[in-house]
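A.B. asks: Fold the stuff below for me.
(2 chains)
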Number of protein chains: 2
Amino acid sequence: MEERKILLGNCILNNEKNSLSGGFVKINGETFYRIAGYNEMDPFFITIVSNSDHWMFLSSNGGITAGRKNPDNALFPYYTVDKIQDSGEITGSKSTFLVNRGKDTWLWEPFSDSYSGVYKIQRNLYKSIYGNKIIFEEINEQLKLTFSYSWMNSERFGIIRKSVLTNCGETDYNISILDGIINILPAGLTRTLQLTLSNLVDAYKKNERLLNTRIALYMLSSILVDRAEPSEALTANVVWSAGMPDAKIILSARNIDSFRKGHQVREDSDVRAERGAYLLNADINLEAGKANSWYIIADVNKDAGQIASLDHLLKGSNSIELLDTDVKEGTNELIKIIAAADGLQLTADKLSINRHLSNVFFNVMRGGIFDNNYSISKDDLIDFIKKANSSVYLRKRSFLESIDMQISMQTLLEKAALEDDPHLLRLCYEYLPLVLSRRHGDPSRPWNIFSIELKKENGSKSLNYQGNWRDIFQNWEALSLSYPLYVESMICKFLNASTADGYNPYRITRGGIDWESPDPHDPWASIGYWGDHQVIYLLKLLEISKKYHPGELNKMLSENIFAYADVPYRIKPYKDLVKDPFETIEFDYQAEKAALGRVKSIGSDGKLIQDSNDEVLLVNFTEKILVSILTKLSNFIPEAGIWMNTQRPEWNDANNALVGFGSSMVTLCYLRKLQHFLRELFIENSDSKFKVSEEIISFFKSINDTFIHYKPSLEREISDKERKSIIDALGTAGSEYREKIYKAGFSGEKNFISANELVKFLDLSMEFIDKSIRRNKRSDNLYHAYNLISFNDNGVTIRRLYEMLEGQVAVLSSGLMQPNEVNEVLDALKSSAMFREDQYSYMLYPDRQLPRFTEKNIIPSSLVATSKLLTDLVR
Amino acid sequence: MEERKILLGNCILNNEKNSLSGGFVKINGETFYRIAGYNEMDPFFITIVSNSDHWMFLSSNGGITAGRKNPDNALFPYYTVDKIQDSGEITGSKSTFLVNRGKDTWLWEPFSDSYSGVYKIQRNLYKSIYGNKIIFEEINEQLKLTFSYSWMNSERFGIIRKSVLTNCGETDYNISILDGIINILPAGLTRTLQLTLSNLVDAYKKNERLLNTRIALYMLSSILVDRAEPSEALTANVVWSAGMPDAKIILSARNIDSFRKGHQVREDSDVRAERGAYLLNADINLEAGKANSWYIIADVNKDAGQIASLDHLLKGSNSIELLDTDVKEGTNELIKIIAAADGLQLTADKLSINRHLSNVFFNVMRGGIFDNNYSISKDDLIDFIKKANSSVYLRKRSFLESIDMQISMQTLLEKAALEDDPHLLRLCYEYLPLVLSRRHGDPSRPWNIFSIELKKENGSKSLNYQGNWRDIFQNWEALSLSYPLYVESMICKFLNASTADGYNPYRITRGGIDWESPDPHDPWASIGYWGDHQVIYLLKLLEISKKYHPGELNKMLSENIFAYADVPYRIKPYKDLVKDPFETIEFDYQAEKAALGRVKSIGSDGKLIQDSNDEVLLVNFTEKILVSILTKLSNFIPEAGIWMNTQRPEWNDANNALVGFGSSMVTLCYLRKLQHFLRELFIENSDSKFKVSEEIISFFKSINDTFIHYKPSLEREISDKERKSIIDALGTAGSEYREKIYKAGFSGEKNFISANELVKFLDLSMEFIDKSIRRNKRSDNLYHAYNLISFNDNGVTIRRLYEMLEGQVAVLSSGLMQPNEVNEVLDALKSSAMFREDQYSYMLYPDRQLPRFTEKNIIPSSLVATSKLLTDLVR
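C.D. replies: Down below sits the predicted model:
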């Protein structure tokens, strides 16, 4: 198609497309990935990372949010990604130039889409391979000028924006500059306040120049609260500049339009009720071939003392040197972290090695990284134990005081083992000296909010981690390969945080566990258990332990160093689950109150189940793993998978609609893999027997008896009716076990169970599992991932769903497939609607055409015909 | 200053200012107010009103939110005003034209600031004097084209946008049009969801063309919930067009940029995961001097049946005629409403009469208007009584059934009076057949959310009103002048909804009262009583009753048709108020549960205090008014005002910081005015005596005795110590009364109190009040509005605050001022810093310079010197 010539007034619009290309380039010795012509792509979202507590998210159109620690300490508004993209013109970087040569003056607004097509331009985007710097570049081919700005961070100074204006032409210019950042937030603002009441916030804004400095302060005239109380704002967000000492400093964006029209702009010293801005205004001479650069530096939430120190520092130093040094130091720190997590590779495939690098660092940003390899700080260990269990701390105080200031993890565990206090040993195992961990949640996933907790109130280092269960153990799986000595600690953390009824709390933190509570005021608050985590995440850690520390698991089989989390959820009896599989969990307010009371008196161990001596009830690995397996098997639906009846889907939120009547083949496949692993483990220990709580023994017996009883069914086609009998028997076994421990807790009585018994049980139940998996093979050689079940008078019927990727991954992992079967599945996948030729990759499920509006909610005419009322109405 | 010539590429920017002017113009026989050159002003905010349940808010830069009923039924995102203003380019109207003549093609994007200055343009804004239509007009002086679009509403069809493109030049054009609306929301979205999770919402969006029609549907592919359950979206927002039958219809805004560059755009029929758009694309020939117009019509939340009906209707009719007729009908309805509320004036001062017109309609939009003058629908009355008190309904059922289908308010009250059932009479008095009322709250006041409840689920008419106490009685004051027969009903509603401890609930509705409850999950949830409403709002209604129905109040003095609201707030004992005047109210969860239980069993009367027979406790006007006055006087601080100790400020939220230690002269002045009014009333009834609950009698005696005891203090300078003695005595009286009724409720015993006793009491207490007011005169002849008090060992000291307008208004209203004193105050006001010459008006308080950041939180050096630690630290 021929391009049409279009005029804008008297100007011919330049509608030529930039060519789009990617590649690595070096800038001042640092490697960046460049996307040339990035503006030809739809706006995309970018994270800039930091070795410290900075966070920054950008849209490629310039929209930005950034700050420190969490979204309540933001420099620019923290919104969802779509709103950040919408704010490209009103938040963040803003540059307006009046370019003079001879009698002519041109207006140029790089990166703005306001006057798009007026100049022939080229835009490029550069991101440092470490992910902590980004450069936006616009080349004005008509004016022969290049402007770029970059974002970087500095632990000492905050967030840095560097501008470079280059005259690439052959004649000199005089250029009037108005360049800086706009929509700067005041300190003392929460994310929610800015989101819901921003117009009120705007009215309270105050932007002040710190007199006789280049520092500007952004604050609220008073803190907004809906309580009847005065609240003074005693911190400010702080912005200053370097490299353009004589420029005017403009504190409000309302001057931009006037500047654009060629008017003089006036410097502000005190602006009320306007969004914050820090704009430098100066006229510079830019000779042909020369460049000019300047910096704007912003930090959040500083008090009067910190501001005075900054002023003092800047007056006595070369601030650009200070900035450069600190930015460099930050990058070095970042490289160290990545290196420590085995993120640095060296191959010829640059794309892959840098992809690996950023993957590793993102993994660290969730699960954390060990602060000082295997070296543990005594002080931090003591801090941890004190907060976890004050009585363990008190009785083991002299031991704890006696150890070295820095001690290796291995030595600590050896010494602790000699103390003959299993509670101490449990806590030492559980101690994980992690830093940099944060929950997920970012502008594209607003249902969680991150917080990067690196510092205590006084600014000193704070070791910390937190994460949703679903995330953190995945991250630790990868981390454990870099720090294999900690894998048993991760296993302990995992097992100690799982419940007696076989599930796990929502979130784990350094300080223990968190569960969700119902909130009648919040329609989004709900409770439930994700069902699959107990199986696959744990198995991965177990495999790593077995591989790197053969024998460690064997020891744990009978060592009583594990606990039960006391989550106050009460799964209803089996018959109620059948009646209404959507409402299956009751919240036990009483139990929550008791647990929180214990936390107050002894520490975070208060959230664990206690024994009759008010100590944490201790059990061994065999018992913990039995609980997981028996729980899953008590929800086993022959030929359909594991029943999803705990008000939450499996790991995939898209399966929300399956909860209740869904049944997971995915979990069943992984359960098979776990059972196979355990079978090997118990065979290795075939002469041993293990002491297990009598409640678990009797649960085990019920489940085992059921499988023995129905063994003949393995040889025949199973009817819906027989299926129901098996489900009833398994479900009732689970139900009776739960009733017992919910009502009376654990008796404390334990009995032996032998490795042989366990192996036999695992074998038998795997026969059922294997048959079920095989029966879920589709005619196209794929496997069903989930099924729908319904309970009715005649039994339990199964309905199949469409194909999903996770079902294939699970069946391939299950260990059941023979090599030829593996090939079959892979070929089938490639031929399926899940394969995307353009990306040479797979989608989670086929891109299905949803029913159109008029196709929904239709009563088939055959049904209408059966109703006299409807027939009459239609007539 | 000379204008600088600035180039944009090859084009000279037009930076000429439009002249700004306002005036009335007629368009098609309708009067509009025009602001010519409105774009020279800062963007401002506009409301478009409706006779029905439409709501629409716009920024003058084009940003818009609109919908029906409430923000959960929105066509465009409902955000705060600043965010609506930010969305001028991405939400609402969007027009792009490629204007062809001969070989030339010009790009023109009216109303966009994208290419501002490229053309010489003139922009005008027109708003209909009835406020239900707005027209945006842009004249391109270079191309000689005018484009305008208007927003209107139609009860039948929803929200209408009409475009008119006029060729004002002398040559013909061929014009490619892309015009319509963008960022259309899907149905089934709540305000909160869009605000907090809009990126997730975007992913669920589905824009569909209804096949073989010009109708497009905007929906969610499924309803977003965080519970594990499927939820199908069965309603859609609906957009269609008229007047451009052959135009392509484009459902996504991503085509605009491509159109701008001269590419063909493709029609969509099914767009997923993109914001909704409805853009018409056509090439038209526009002859010199001719105009072309077209319509886009949008409505929210329609089901499949309604959409089928619309399709059917449009296929068989001239849709533009239907639109015009319905818009006209709506305007006529609107005029009727305004007329009924006395909003139509006729003078030569057009600005004033139109200002009055819109004031009146805005008053109606809060407080409501009577549905059918004084005529009451039996069905609605029965509906009201049934929901208020099912036992009254049951026992008076035959009476209620016996009345005419339509009955006048007066006849109803007369007939009800003959029934000898005071509960029936109370409810008939309280019945107010209002429509169009809504709580306040709009994008500039996001802390409240309006809902325009005009229709029941089935679409039939619903009478309703609701409002925060602080608002609705103000609105009714004005309304009562148009409907004076209802003023006693308003008084009854007022008094029946006030509490036994002398305050009022947060909100009143047709269905009774609402209070705020604490919510531990919401930091913004708090409880408390605003203190001043009991006085001035009631007094205004009483004055109107006395003026229009002399004698009515006299009757009420002893008629037992009033009740007490049972708000579960418990004001602490006096000594606790003194100890911590910030935390003064406890929430009685038990009492709330009981009240809500009663509501379930008998209806909304369950929120009233019950007597020993489980009937609503009935008292007379004398008792109710005594409770108000005694409560205020029990918080009287001699020479400082009425103590603000109920966790909320007076009417002015800016006084938040005064709560606790503030003391209101404003309320004291109005209390004087009320007491004066009551004095007259009781003098008119000087031979009467009134039966009042014994608890009130004894409260009265304590307060009265205190004033008698301290009468000598009127003659002397009062010391801080004596002040404290008086406060102690009055406060303790209030405290003892509260303790009694909180603990045991009302005994039911009543005793007589005579009019003479009351007059003597009012006189005496007014002497104290008058002295206090006089002592609050400032040296500049203004009066203090609020004071700060502090309790200490030596008494209660007073600190004065800066001047405030409300203090002067109150003192002028108090009735105490002699004519010369009135002049003094007015002169002082005019000379004060509150006067604004530019507006020839007053500000609430002077525009004070707030302390700069570095001036806050400073410890004076004299204080530092007294501390050894600080001195050492400084050294």
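
A.B. asks: any weak-confidence spans in the stretch 151-300 of chain A?
C.D. replies: A:225-231 (pLDDT under 70).

A.B. asks: Who are the contact partners of A:Ala591?
C.D. replies: A:566, A:568, A:570 (CB atoms under 8 Å, 6 or more residues apart in numbering or on different chains). In this view, the C-beta of every residue, glycine as well, is placed from N, C-alpha and C.

A.B. asks: Excluding residues flanking it in the chain, which one is nearest the first one?
C.D. replies: If I follow you right, that is A:Asp566. A:Ile609 (4.8 Å; CB to CB, 6 or more residues apart in numbering or on different chains).

A.B. asks: pLDDT wise, what is the one you found at?
C.D. replies: Looking at A:Ile609, its pLDDT reads 97.

A.B. asks: how many neighbours does the residue nearest to A:Pro505 when sequence neighbours are not counted have?
C.D. replies: If the residues on either side of it in the chain are set aside, A:Pro505 comes closest to A:Ile513, at 4.2 Å by CB to CB, 6+ apart. By other CB atoms under 10 Å in any protein chain shown, the residues close to A:Ile513 number 23.

A.B. asks: hey, what's A:Ile513 bridged with?
C.D. replies: A:Ile508 (DSSP bridges).

A.B. asks: That one touches A:Ala565, doesn't it?
C.D. replies: Yes - using CB atoms under 8 Å, A:Ile513 makes contact with A:Ala565 at a distance of 5.4 Å.

A.B. asks: Give me the common contacts of these two.
C.D. replies: A:497, A:505, A:607.

A.B. asks: can you redo those as CSV with secondary structure?
C.D. replies: Output for those, formatted as CSV (DSSP: H, G, I helix; E, B strand; the rest coil):
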residue, secondary structure
A:Ala497, coil
A:Pro505, coil
A:Lys607, helix
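
A.B. asks: Between these, which sits nearest chain B?
C.D. replies: Proximity of those to chain B (CB to the nearest CB) peaks at A:Pro505, which lies at 17.4 Å.

A.B. asks: Now do the phi/psi pair for the closest one.
C.D. replies: phi -70, psi 170 (degrees, to the nearest 10).

A.B. asks: got the contact list for it?
C.D. replies: A:469, A:497, A:499, A:513-515, A:565, A:567.

A.B. asks: In which helix or strand does the residue nearest to A:Lys540 when sequence neighbours are not counted reside?
C.D. replies: Nearest non-adjacent residue to A:Lys540, counting by CB to CB, 6+ apart: A:Glu477, 4.6 Å away. Per DSSP states H and E: A:Glu477 is located in helix A:469-482.

A.B. asks: Let's see if you can find the most crowded of the contacts of A:Ala591.
C.D. replies: In terms of neighbours by other CB under 10 Å, these top out with A:Asp566 at 24 neighbours.

A.B. asks: With A:Ala591 as the reference, measure out to it.
C.D. replies: 7 Å (CB to CB, to the nearest Å).

A.B. asks: shouldn't A:Arg848 be in contact with A:Glu803?
C.D. replies: No - counting by CB under 8 Å, A:Arg848 sits too far from A:Glu803 to count as a contact (10.5 Å).

A.B. asks: Neighbour count for those two, which is higher?
C.D. replies: The neighbour count for A:Arg848 versus A:Glu803, taken as other CB under 10 Å, is higher for A:Glu803 (20 against 8).

A.B. asks: which residues touch that one?
C.D. replies: A:778, A:780, A:782, A:784-785, A:832-834, A:845-846.

A.B. asks: Can you pull the phi/psi pair for it?
C.D. replies: phi -70, psi 150.

A.B. asks: Residue numbers of the stretch 51-200 of chain A in contact with chain B?
C.D. replies: A:80-83, A:86-87, A:89-90, A:98, A:104-107, A:113-119, A:142, A:195-200 (CB under 8 Å from any CB of the partner chain).

A.B. asks: what does the stretch 401-550 of chain A put close to chain B?
C.D. replies: A:443-444, A:446-447, A:519, A:521-522, A:524, A:526, A:528.

A.B. asks: try it again with 10 Å
C.D. replies: A:443-447, A:517, A:519-526, A:528 (CB under 10 Å from any CB of the partner chain).

A.B. asks: In the sheet, which residues pair with A:Ile407? Tell me.
C.D. replies: Beta-bridge pairing of A:Ile407 under DSSP bridges involves A:Ile376.

A.B. asks: From A:Ser377, how far off is it?
C.D. replies: For A:Ile407, the distance to A:Ser377 - CB to CB - is 8 Å.

A.B. asks: Which is the succeeding secondary structure element to the helix ranked longest in chain A?
C.D. replies: Ranked by number of residues, the top helix in chain A under DSSP state H is helix A:720-744. Tracing the chain past helix A:720-744, the next element assigned as helix or strand by DSSP H and E is strand A:750-754.

A.B. asks: So for that next one, mean pLDDT?
C.D. replies: Averaging pLDDT along strand A:750-754 gives 97.

A.B. asks: partner strands of that strand, parallel or antiparallel?
C.D. replies: Sheet partners by DSSP bridges: for strand A:750-754, these are strand A:689-693 (antiparallel).

A.B. asks: which of the residues in the helix holding A:Glu477 are buried?
C.D. replies: Neighbour counts using 16 or more other CB atoms under 10 Å in any protein chain shown place A:469-480, A:482 of helix A:469-482 among the buried residues.

A.B. asks: Provide a list of residues in contact with the residue nearest to A:Leu200 when sequence neighbours are not counted.
C.D. replies: In space, A:Leu200 comes closest to A:Leu224 once its chain neighbours are excluded; the distance is 6.5 Å by CB to CB, 6+ apart. Applying CB atoms under 10 Å, 6 or more residues apart in numbering or on different chains to A:Leu224 gives the contacts A:188-190, A:193, A:197, A:200-201, A:203-204, A:231, A:233, B:524.

A.B. asks: Throw those into CSV and include distance to B:Met56 and neighbour count, thanks.
C.D. replies: As requested, the contacts of A:Leu224 are exported to CSV (distance: CB to CB, whole Å; neighbours: other CB atoms under 10 Å in any protein chain shown):
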residue, distance to B:Met56, neighbour count
A:Gly188, 34, 25
A:Leu189, 30, 29
A:Thr190, 30, 18
A:Leu193, 27, 19
A:Leu197, 22, 22
A:Leu200, 22, 17
A:Val201, 25, 23
A:Ala203, 23, 16
A:Tyr204, 28, 19
A:Ser231, 36, 14
A:Ala233, 36, 20
B:Trp524, 27, 14
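
A.B. asks: Please convert those residues to TSV, extending it with distance to B:Lys133 and secondary structure.
C.D. replies: Shown next, in TSV, are those (distance: CB to CB, whole Å; DSSP: H, G, I helix; E, B strand; the rest coil):
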residue	distance to B:Lys133	secondary structure
A:Gly188	43	coil
A:Leu189	38	coil
A:Thr190	40	coil
A:Leu193	36	helix
A:Leu197	31	helix
A:Leu200	30	helix
A:Val201	33	helix
A:Ala203	30	helix
A:Tyr204	35	coil
A:Ser231	44	coil
A:Ala233	44	coil
B:Trp524	37	coil
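
A.B. asks: Greatest separation within those: which pair is it?
C.D. replies: Pairwise distances across these (CB to CB) peak at 18.1 Å, for the pair A:Ala233 and B:Trp524.

A.B. asks: Now do the same for the helix holding A:Glu477: mean pLDDT, whole number.
C.D. replies: Mean pLDDT, helix A:469-482: 93.

A.B. asks: Just the CA atoms from it would do, formatted as PDB, please.
C.D. replies: C-alpha atoms of helix A:469-482 as PDB (Å, rounded to 0.1, in the frame of the first residue of the first chain):
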ATOM      1  CA  TRP A 469       3.600 -20.600  50.000                       C
ATOM      2  CA  ARG A 470       2.900 -21.100  46.300                       C
ATOM      3  CA  ASP A 471       5.900 -18.900  45.400                       C
ATOM      4  CA  ILE A 472       8.600 -19.200  48.000                       C
ATOM      5  CA  PHE A 473       9.200 -22.900  47.800                       C
ATOM      6  CA  GLN A 474       9.500 -22.700  44.100                       C
ATOM      7  CA  ASN A 475      12.100 -20.000  44.500                       C
ATOM      8  CA  TRP A 476      13.900 -22.000  47.100                       C
ATOM      9  CA  GLU A 477      14.000 -25.100  44.900                       C
ATOM     10  CA  ALA A 478      16.200 -23.100  42.500                       C
ATOM     11  CA  LEU A 479      18.200 -21.400  45.300                       C
ATOM     12  CA  SER A 480      18.900 -24.700  47.000                       C
ATOM     13  CA  LEU A 481      21.000 -25.800  44.000                       C
ATOM     14  CA  SER A 482      23.300 -22.900  44.800                       C
END
